[in-house]
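> Need a 3D model of the following:
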Amino acid sequence: MSLKTFTAAASLFLLAACGDSAVPTTPVPNFAGSYGVQWQVQFHRNHDNFEGSYFCYGTLTMTQSPTGRGDAALNGFVVIQGGCPQGTFDLTGSVRSNGAISLRTVGPRPNEGQCPFAMDTVYSGLVSEASGGSYSLSARATTLLNCPGPGEGEHRFDYVIQGWK
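Here you go, the predicted model:
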């Protein structure tokens with residue numbers, strides 16, 4: 001091995017050993033606060049292909065704690081206020097400096113039937129700054145629920161949440 005090849009290989013090894021600390025991170029904008037939200041929910045009952053959709057309305061409130069790794073931890077709660085059975089539920093998640101967001105919270109249940117709330121539903125999407133310093137949030141989740149009752153059974157629920165602050 002030539003000295004030039006050895007030096008190049010050693011430099012790469014040392015650079016790799018530095019890990020993420022050698023790569024500068026972009027600060028995460030502060031997306032914390034209260035958002036007015038709307039859920040659009042589409043469902044599909046697997047055994048007979050019955051489908052439908054409904055809307056729910058409420059608020060999503062979150063705090064943000066920087067982690068120093070180009071992302072921030074999120075904590076807070078969602079309140080379902082209308083269009084669906086009401087409730088208040090915890091929220092956790094994270095947001096990256098590019099606005100990619102992951103939220104773990106509830107999926108609203110329909111007004112009819114025996115389907116429960118979809119607890120521990122994971123949404124992924126984006127949060128971004130809109131004009132005038134306002135923010136918008138858009139995220140999606142899919143889950144399977146076994147709904148009790150005659151003729152019910154397994155359903156697929158697709159949740160799309162839109163929020164504005």
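> Can you name the residues bridging to the closest residue to Gln86 other than its chain neighbours?
Distances taken as CB to CB, 6 or more residues apart in numbering place Ile80 nearest to Gln86, at 5.4 Å, with adjacent residues excluded. Where C-beta positions appear, they are placed from N, C-alpha and C, glycine not excepted. Under DSSP bridges, the beta-bridge partners of Ile80 are Gly58, Gly87.
> which ones are touching Ile80?
Trp39, Cys56, Tyr57, Gly58, Gln86, Gly87, Thr88, Phe89, Val106, Pro108 (CB atoms under 8 Å, 6 or more residues apart in numbering).
> swap the cut-off to 7 Å and go again
For Ile80, the residues meeting the contact criterion (CB atoms under 7 Å, 6 or more residues apart in numbering) are Cys56, Gly58, Gln86, Gly87, Pro108.
> For PyMOL, write a command that selects the buried ones of these.
Written as a PyMOL command, the selection of buried residues from the contacts of Ile80, which uses 16 or more other CB atoms under 10 Å, is:
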select buried, resi 56+58+108
